[in-house]
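> for reference, the sequence and a predicted model appear below.
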Amino acid sequence: MATSLEKHLARVGRLWQRLDQPRTRHPEGDRPQLSHHARAQAAIERTDEVAGTLAWLRKQGLSDQQIRIVLAVSAMEGERDFAQVARQLGISRQGVRDSYLRAWRKISIVRAVQDGLLE
């Protein structure tokens with residue numbers, strides 16, 4: 001069972017990946033029609049959520065590489081695939097696994113709630 005912190009990091013990891021990818025046009029009807037203002041506001045909120053989470057992870061002592069690994073692994077649906085993340089980031093599978101486990105020793109749900117990252 002995933003904790004609220006794991007769920008939050010999975011959501012932010014998916015948002016971070018989307019923000020990092022070039023925009024593609026969606027076919028008509030693929031998404032609800034929103035005003036330009038509503039789309040812009042939603043993009044700002046997503047960006048703020050990602051930025052806030054990145055800042056919190058840095059405050060916990062994670063390096064930029066550990067943050068990339070935690071978000072990439074957390075964003076995966078279902079089984080954690082360290083080999084896939086290793087291919088994406090160009091480092092060894094064992095390096096991804098070790099870095100991921102070290103990062104999780106530095107962060108905690110209690111701290112996330114205390115710092116206001118989670119409710």
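All right, it came through fine.

> okay, helices next: where are they in the chain?
Assigned by DSSP state H, the chain shows helices spanning 4-20, 36-59, 64-75, 82-89, 93-106, 109-114.

> who's in contact with the spatially most central residue of the chain?
Geometric centre of the chain, nearest residue: G13, 1.8 Å, by Cα atoms, centre = their mean. Each residue near G13 by Cβ atoms under 8 Å, 6 or more residues apart in numbering is listed here: V70, L71, A72, V73, S74, A75. Heads up, the C-betas are built off the backbone N, CA and C, glycines and all.

> what's the closest non-adjacent residue to A75?
G13 (3.0 Å; Cβ to Cβ, 6 or more residues apart in numbering).

> and the pLDDT at S63?
With respect to pLDDT, S63 scores 91.

> tally of neighbours for it?
13 (other Cβ atoms under 10 Å).

> now do it against V70, distance only.
Distance, S63 to V70, by Cβ to Cβ, to the nearest Å: 10 Å.
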